[in-house]
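1. Requesting a structural model of the entry that follows:
(one chain, ligands or ions: 1)
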Amino acid sequence: MKILVFSDIHSNATAFEAVLDAAGSVDAYWCLGDIVGYGPDPNECIRLVRDLPNLMCVRGNHDAATLGEVDQQTFNHEASLAITWTKRHLHAEGLEYLLSLPEKLEQDGITIVHGSPHNPVWDYVMDYLTAVRMYQYFDTEICLLGHTHVPAIWYEKEAPKAPVMEFQKVKITEKCILNPGSVGQPRDHDPRAAFALFDPQEKTWELRRVAYEVESVQDRIKKSGLPWRHAMRLAEGW
Ligand code: ZN
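-> Numbering: from 1, shown residues only. The predicted structure follows:
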């Protein structure tokens, strides 16, 4: 059983296509939210996600903001500009799809959210102390989440010894929180798109990265009138 777990595409279709290619044939697709926001390809990204077979998908904070369900003032200025842009450019079928997404899913003893099991759309699990506080909010052995754009493994009983490495296949032996990083806007100073291959039967988790043509996304950002900062950061992964 091989599941492609991915998060935070953020309207970057070039990065997402590279991830789908690099993952190859898989049995299922699990998306941890934020399909839109920041980037120039909201409609294409929603189409690509929606048409995947055996898909499970939750909504993220940018998805919710695009639906008008959270106050845009809570976003920084440039993120908010991108949400306004996305609202203007998203087709009705894209909006409808975002609206259909739940905030939280549970499948085969695994909790799936965007931000945290406590506040699925908003919380950030950035550090070990925050992760430890989150264990009371889910009963399953594993919780998958994104939102920070940084790949991570947080075990309940031990502090992490080292950052998660690419191609490091980790055997899950205790309660943990897993973050596959971000497809379309990595923030760990590695500009390559991040994703994970997960086997819930073997209980293995493998972080992967794939390079994509950042320049073509930057070109589209420029042409679209979206904030240039969103293009700059893609080249360096911040
Ligand atoms: Zn995000």
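
2. longest helix in the chain, by residue count?
-> helix 77-89 (DSSP state H).

3. Identify all contacting residues around that helix.
-> 11, 36-39, 42-43, 62, 65-66, 68, 72-73, 75, 224-227, 229-230 (C-beta atoms under 8 Å, 6 or more residues apart in numbering). No exception for glycine: its C-beta is placed from N, CA and C like everyone else's.

4. Could you pull out the buried residues of that helix?
-> By neighbour count on 16 or more other C-beta atoms under 10 Å, the buried set for helix 77-89 is 79-83, 85-87, 89.

5. what ranges do the helices span in this structure?
-> 13-23, 42-50, 61-66, 77-89, 92-100, 128-134, 214-224, 228-236.

6. will you turn the ones you listed into JSON lines that also has mean pLDDT and distance to the ion?
-> Written out in JSON lines, the entries for these read as follows (pLDDT from 0 to 100; distance: least, C-beta to the ion, whole Å):
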{"stretch": "helix 13-23", "mean pLDDT": "98", "distance to the ion": "13"}
{"stretch": "helix 42-50", "mean pLDDT": "98", "distance to the ion": "13"}
{"stretch": "helix 61-66", "mean pLDDT": "96", "distance to the ion": "6"}
{"stretch": "helix 77-89", "mean pLDDT": "95", "distance to the ion": "9"}
{"stretch": "helix 92-100", "mean pLDDT": "97", "distance to the ion": "14"}
{"stretch": "helix 128-134", "mean pLDDT": "91", "distance to the ion": "17"}
{"stretch": "helix 214-224", "mean pLDDT": "97", "distance to the ion": "16"}
{"stretch": "helix 228-236", "mean pLDDT": "94", "distance to the ion": "12"}
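
7. among those helices, which is the most enclosed?
-> helix 61-66 (a mean of 26; mean count of other C-beta atoms under 10 Å).

8. List every C-alpha atom in it, with coordinates, as PDB.
-> Taking Å, rounded to 0.1, in the frame of the first residue of the first chain, the C-alpha atoms of helix 61-66 are listed here in PDB:
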ATOM      1  CA  ASN A  61      -6.800  28.300   6.000                       C
ATOM      2  CA  HIS A  62      -6.200  29.700   2.500                       C
ATOM      3  CA  ASP A  63      -9.000  27.500   1.100                       C
ATOM      4  CA  ALA A  64     -11.300  28.700   3.900                       C
ATOM      5  CA  ALA A  65     -10.400  32.400   3.300                       C
ATOM      6  CA  THR A  66     -11.000  32.100  -0.400                       C
END
